[in-house]
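Trainee: Give me the fold of what follows.
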Amino acid sequence: MKILLIGEYSNVHWTLAEGLRDLGHQVTVVSDGDRWKNYPRDIDLRRRGLGSSSRVQRFTGSIRYLFDLARIWPQLRGYDVVQLINPIFVDLKAERLWPLYHYLRRHNGLMILGAFGIDHYWVKVGSDCKTFRYSDFNFGGELRHYPFADEMTRDWLNGPKGDLNRRIAEDCDGIITGLYEYEMCYRPFFPDKTGFIPFPINRSAITSADTLHSPLSTLNFFLGIQRSRSAYKGTDLMHSALLRLQHDFGPERVCIQIAENVPFAQYQQMMNSSHVILDQLYSYTPAMNALLAMAKGLIVVGGGEPEHYELLGEPELRPIINVQPTEQDVYDQIADRLLSGKEDIHQLQLDSVEYIRRHHDHILVARKYQDFYNSLKASRQAPLPPAAV
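Mentor: Here you go, the predicted model:
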């Protein structure tokens, strides 16, 4: 197959491309590298000057970006499959994206929408206060109000982003969900075209953490922070819990390492010296950041609810320290399970690695994508050729 992946979140598309290429498919990734994270891509679509304080730099950056789109878009023809990372698949306003989508639809085969991040259905279902016990948008029966959540609600529920999302979801051939939460958001609305496939991790490209077999007199805790999303992701509460733990147990037992808006390569290096990562307080499921850490042998403190293990079909492994979205529960779970000596920390590290091998290996995941694409093509009575193995 000839496959086009447009957009990037947390290295999902590039890692998927690696798996699909290993299966014999021809894959092109077009993205901005997820902005400052600078993930690999085949065709670069960075929008320069967007965050500049200079109006001139912003203007010239916008003109150059439009020129790049005009130059690149006519090349994106003749693919068997086109997959979008999100309804906002390039860095333009939502009301300008439908013509770009329509061009891709006219000149290619299958159109796939990825449900991998914030979008209309995630905001809609997260805000109903019924589907999830907690999420980025609700805690029990109450909505969470903070600037980022309010902004996302305005943008995605009824505005141009929401309109675009609904149009693409209704028009596309298939929708792939990457987490339990996204599956629960799309399945009720599009049961016949939605499929869950776990995120891919290329284990062969990952260096094991230096702490995988190190002495445990001191536990090194790692926390990545995006200041603009701290309340949204729960890193504010996690950081507070860590500071309390360090105060109560002492810096000789609790070492804290913070990464704030650093490039991906540097981020991985910082992660390698840690035993434990705290991530996604309001999630039921580990996402790409946590999965990368688990592949290295880190223990995840974050989302690991029973529903996500059930969706994966995992009956026994429970490597994630699942926490409720409160500072106190983060404190209690770490103190009781990781600092009390009750848990075999080395075994949890090994279980984390095994969890990735079973469910997120990029070749295993790529085969599931291949099967999903072929099933959609078969429903149109034109089977795709088998991939080389």
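Trainee: Residues touching the strand or helix carrying Asp248, excluding its own?
Mentor: Element membership for Asp248 (DSSP states H and E) is helix 235-249. By C-beta atoms under 8 Å, 6 or more residues apart in numbering, the residues outside helix 235-249 that reach it are 221, 223-226, 229-230, 254-256, 258, 278, 281, 301, 325-328, 330-331, 334-335, 339. Backbone N, C-alpha and C define where each C-beta goes, glycine included.
Trainee: can we see that at 7 Å?
Mentor: Residues outside helix 235-249 that contact it (C-beta atoms under 7 Å, 6 or more residues apart in numbering): 221, 223, 225, 230, 254, 256, 278, 281, 326-327, 330-331, 334-335, 339.
Trainee: what are the ranges of the helices in the stretch 251-389 of the chain?
Mentor: Under the criterion DSSP state H, counting those that start in this stretch, helices of the stretch 251-389 of the chain are mapped to 264-271, 288-296, 306-312, 327-337, 345-359, 362-379.
Trainee: Contacts for the shortest one, please.
Mentor: Residues from elsewhere that reach helix 306-312, judged by C-beta under 7 Å, 6+ apart: Tyr180, Glu183, Phe196, Pro198, Tyr284, Thr285, His359.
Trainee: can I get those residues in a markdown table with distance to Leu216?
Mentor: What follows is these, written out as a markdown table (distance: C-beta to C-beta, whole Å):
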| residue | distance to Leu216 |
| --- | --- |
| Tyr180 | 31 |
| Glu183 | 36 |
| Phe196 | 36 |
| Pro198 | 30 |
| Tyr284 | 29 |
| Thr285 | 27 |
| His359 | 26 |
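Trainee: Scan those residues and report the most crowded one.
Mentor: Among those, Thr285 has the most neighbours (other C-beta atoms under 10 Å), with 25 neighbours.
Trainee: okay but that one is in contact with Tyr180, surely?
Mentor: Yes: contact status for Thr285 versus Tyr180: in contact at 4.7 Å, counting by C-beta atoms under 7 Å.
Trainee: model confidence over stretch 289-304, on average?
Mentor: Across stretch 289-304, pLDDT averages out at 96.
Trainee: Give me the residues contacting it.
Mentor: 10, 199, 201, 203, 206-209, 212, 224, 271-272, 274-281, 283-286, 319-323, 330, 333-334, 345, 348-349, 352-353, 355-356, 360.
Trainee: And stretch 170-183, by the same measure?
Mentor: Residues from elsewhere that reach stretch 170-183 (C-beta under 7 Å, 6+ apart): 12, 110-116, 122, 132, 135, 169, 186, 190, 193-199, 283-285, 287, 307-308, 311, 372, 376.
Trainee: What's the PyMOL syntax to select whichever of those residues are buried?
Mentor: Buried members of those, defined by 16 or more other C-beta atoms under 10 Å, are picked up in PyMOL with:
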select buried, resi 12+110+111+112+113+114+115+116+122+132+135+169+186+190+193+194+195+196+197+198+199+283+284+285+287+308+311+372+376
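Trainee: quick one: low-confidence parts of this structure?
Mentor: Counting by pLDDT under 70, the chain shows low-confidence ranges at 51, 228, 381-389.
Trainee: quick one, domains of it?
Mentor: Domain assignment for the chain, taken from automatic domain parsing, gives 2-200+362-379, 204-359.
Trainee: measure the last one end to end?
Mentor: So the one you mean is domain 204-359. Chord length of domain 204-359, first to last residue, is 15 Å (C-alpha to C-alpha, to the nearest Å).
Trainee: Next, report how far that domain is displaced from the centre of its chain.
Mentor: 16 Å (C-alpha atoms, centre = their mean, to the nearest Å).
Trainee: just the longest one next, same as before
Mentor: On the basis of C-alpha atoms, centre = their mean, domain 2-200+362-379 is displaced by 11 Å from the centre of the chain it belongs to.
Trainee: ok, Ala205 to Ala265 distance?
Mentor: 12 Å (C-beta to C-beta, to the nearest Å).
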